[in-house]
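**Q** no sequence on this one, just coordinates:
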């Protein structure tokens, strides 16, 4: 089974499990596969965000960051594709559930800082 099989069938816990065990140094895939993985993970997280516990948020954060690190390692920066996806998801989640300092994906501080850092 490929790392990218059945992405559309995975619920959020399955995405978290899949990407949490990922070794970014060994992961390989095409840009389109990583984009699909990031899109599916983000969609599941957005759909379930209102009902997550702190522990689930932390696990989802770790899995999301592992997915993005593996995508960048495997395909390169792709014109800041992975950074932009991360910032977009964070902004969307902040809008949906509000800021929380105890959850890295919901900490509002890094969003404007990383956005400004990415500007030429």
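**A** Thanks, I have it. This one's a predicted model, so the numbers in the text were calculated from it and none came from an experiment.
**Q** nearest to the spatial middle of the chain, which residue is it?
**A** residue 64 (3.1 Å; CA atoms, centre = their mean).
**Q** where does the protein have low pLDDT?
**A** Along the chain, the model assigns pLDDT under 70 to residues 1.
**Q** run through the helices of it in chain order.
**A** Secondary structure of the chain (DSSP state H): helices at 12-20, 31-48, 54-75, 81-97, 110-118.
**Q** contacting residues for the closest residue to residue 7 other than its chain neighbours?
**A** With sequence-adjacent residues excluded and distances taken as CB to CB, 6 or more residues apart in numbering, residue 7 is closest to residue 40, at 4.3 Å. Backbone N, C-alpha and C define where each C-beta goes, glycine included. Contact analysis of residue 40 by CB atoms under 8 Å, 6 or more residues apart in numbering lists 7, 8, 10, 15.
**Q** what's the burial count for the nearest residue to residue 108 once chain neighbours are set aside?
**A** Nearest non-adjacent residue to residue 108, counting by CB to CB, 6+ apart: residue 99, 4.2 Å away. Burial measure for residue 99: 12 neighbouring residues, criterion other CB atoms under 10 Å.
**Q** quick revisit: need the max-distance pair from the contacts of residue 40.
**A** Largest separation among the contacts of residue 40 by CB to CB: 8 and 15, giving 10.8 Å.
**Q** need the contacts of residue 40 in a markdown table with distance to residue 53 and neighbour count, can you?
**A** What follows is the contacts of residue 40, written out as a markdown table (distance: CB to CB, whole Å; neighbours: other CB atoms under 10 Å):
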| residue | distance to residue 53 | neighbour count |
| --- | --- | --- |
| 7 | 24 | 20 |
| 8 | 25 | 9 |
| 10 | 19 | 18 |
| 15 | 16 | 22 |
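**Q** how about the residues you listed in CSV, adding distance to residue 27?
**A** Converted to CSV, the contacts of residue 40 look like this (distance: CB to CB, whole Å):
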residue, distance to residue 27
7, 14
8, 20
10, 16
15, 15
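**Q** no more questions from me, cheers.
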